[in-house]
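Enquirer: just coords:
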C-alpha cells in the first residue's frame, strides 16, 4: 500500500532548504547578490507553490485526505 505524501511537510522542507542554502552561500561566499535574489526568491516560491498545488490536487482526486 502506497503512503500518501504529506504536502505541507514537503513545502516547508523545500522552503527551509532554500533558506539553508542561502545561509551556506553567505558563510562560504560572503554576500548574496540581492539583484539576483529579487528575481530568484519569488520564482522559487512560485515553483514550490505549483508543486504543492499539483500534489494537493492529485491527492484530492484519489479520495484520500
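Expert: Looks like it came in fine. Keep in mind it's a predicted model, so treat the numbers as computed, not measured.
Enquirer: same for the worst-scoring helix or strand of the chain on mean pLDDT, what does it pack against?
Expert: Lowest on mean pLDDT, DSSP states H and E among the helices and strands of the chain sits helix 34-61, with a mean of 82. Judged by 3 or more CB pairs under 8 Å, 6 or more residues apart in numbering; DSSP states H and E, the packing partners of helix 34-61 are helix 7-29. C-betas here are computed from N, CA, C, even on glycine.
Enquirer: now the residue nearest the centre of the chain. Nearest residue, chain neighbours left out?
Expert: Taking CA atoms, centre = their mean, the centroid of the chain lies closest to residue 14, which sits 3.3 Å from it. With sequence-adjacent residues excluded and distances taken as CB to CB, 6 or more residues apart in numbering, residue 14 is closest to residue 48, at 4.9 Å.
Enquirer: residue contacts, that neighbour?
Expert: Neighbour list for residue 48: 11, 14, 15 [criterion: CB atoms under 8 Å, 6 or more residues apart in numbering].
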